[in-house]
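let me see the structure of the following:
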Amino acid sequence: MEFNELVYARRTVRRFTQEPIHQVALEKILKAGLAAPSPNNATPWSISVVTNGEVIQKMRHAVNDRLDLMFSTVKPDNKTVLEKVKVFSTVFANAPVVLAVFSRPYQAPIHELLADTDISPEQISELRRHPELQATGALVQNMLLAAAEEELGACWISGALVARRELEAILGVKDMHLETLVALGHREAQPHPKEPLDLEMYVNYVP
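From the prediction side, this is the model:
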């Protein structure tokens, strides 16, 4: 596709068939993600590719259990809201492939100056709005666009991160932080292209 066509063809997909994804297509998506920009080309990321159905279901149970624990005192009339939250947080469970994206803290040149100050690395990261998270977002967007080009569906999931510690333990990745999940698979139905948003509502030109 032409780039502009591809941008609007990319839609969030939450229903997948169980048709497997060809390895060639999967590797194109992963390579596109790793081509994303990162601060000082630090590439502060790692991707775990999960195709084992038992592991994916274990991840789903971990998220549901964490939500049950967090909202154990929820009022009966809010139970339906909790169930809705569970559905959106575990969309990945019906996808044949789950991409778990991890990051490590970015060590910038400015960190060399911290020894002479009372500023912590965490404070610098906050002031810079977490460069490793910005890089992770770029990586995910590249993968979503690459999936659309391969005529695959994808869903960028943040709700599952309520069980981040449990998911990190299941996936066995140490010394990095799980930042997001991407569900990936063949679309159950063809979505309509996204409508362009009105620039006047979202864009300000600074004089």
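
the residue most central in space within the chain and P196: what is the separation?
The chain has T180 as the residue nearest its centroid, 3.4 Å off, counting by C-alpha atoms, centre = their mean. Counting by C-beta to C-beta, to the nearest Å, the gap from T180 to P196 is 25 Å. For every residue, glycine as well, the C-beta is placed using N, CA and C.

for this structure, just list every one of the strands.
45-50, 97-103, 153-157, 177-185 (DSSP state E).

which strands or helices does the shortest one pack on?
When you say that, I think you mean strand 153-157. Strand 153-157 is packed against helix 131-149, strand 177-185, with contacts defined by 3 or more C-beta pairs under 8 Å, 6 or more residues apart in numbering; DSSP states H and E.

looking at those, which is buried most?
Greatest average neighbour count among the helices and strands packed on strand 153-157 goes to strand 177-185 (a mean of 23), per mean count of other C-beta atoms under 10 Å.

note down every partner strand of that strand and its orientation.
Strand pairing for strand 177-185, using DSSP bridges, gives strand 97-103 (antiparallel), strand 153-157 (antiparallel).

out of these, nearest to A138?
strand 97-103 (11.1 Å; C-beta to C-beta).

I'd like the distance from the closest one to the chain centre, please.
7 Å (C-alpha atoms, centre = their mean, to the nearest Å).

ok, stretch 123-142 next?
The chain centroid and the centroid of stretch 123-142 are separated by 13 Å under C-alpha atoms, centre = their mean.

try stretch 172-179
That offset, for stretch 172-179, works out to 14 Å (C-alpha atoms, centre = their mean).

that older thread, will you turn the strands of the chain into TSV that also has mean pLDDT and distance to Q123?
Below are the strands of the chain laid out as TSV (pLDDT from 0 to 100; distance: least, C-beta to C-beta, whole Å):
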stretch	mean pLDDT	distance to Q123
strand 45-50	98	23
strand 97-103	98	18
strand 153-157	98	28
strand 177-185	98	18
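
adding distance to A147 as columns, could you present those strands in TSV?
TSV is the format used below for those (distance: least, C-beta to C-beta, whole Å):
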stretch	distance to A147
strand 45-50	13
strand 97-103	10
strand 153-157	4
strand 177-185	6
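
which one of those strands lies closest to L139?
Among the strands of the chain, the nearest to L139 by C-beta to C-beta is strand 45-50 (5.7 Å).

hey, C-alpha coordinates of that closest one in CSV?
Extracted in CSV, the C-alpha atoms of strand 45-50 (Å, rounded to 0.1, in the frame of the first residue of the first chain):
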residue,chain,number,x,y,z
TRP,A,45,13.7,-2.9,24.0
SER,A,46,13.1,-6.6,23.6
ILE,A,47,10.1,-8.5,22.1
SER,A,48,8.9,-11.9,23.4
VAL,A,49,6.9,-13.8,20.8
VAL,A,50,4.2,-16.0,22.4
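
what angle do it and strand 177-185 make?
Angle, strand 45-50 to strand 177-185, by axes from the mean of the first three to the mean of the last three C-alpha atoms, to 10 degrees: 50 degrees.

list the contacts of R60.
Residues near R60 by C-beta atoms under 8 Å, 6 or more residues apart in numbering: 90, 92-93.

list the buried residues for stretch 114-133?
Across stretch 114-133, burial judged by 16 or more other C-beta atoms under 10 Å covers 124-125, 130-133.
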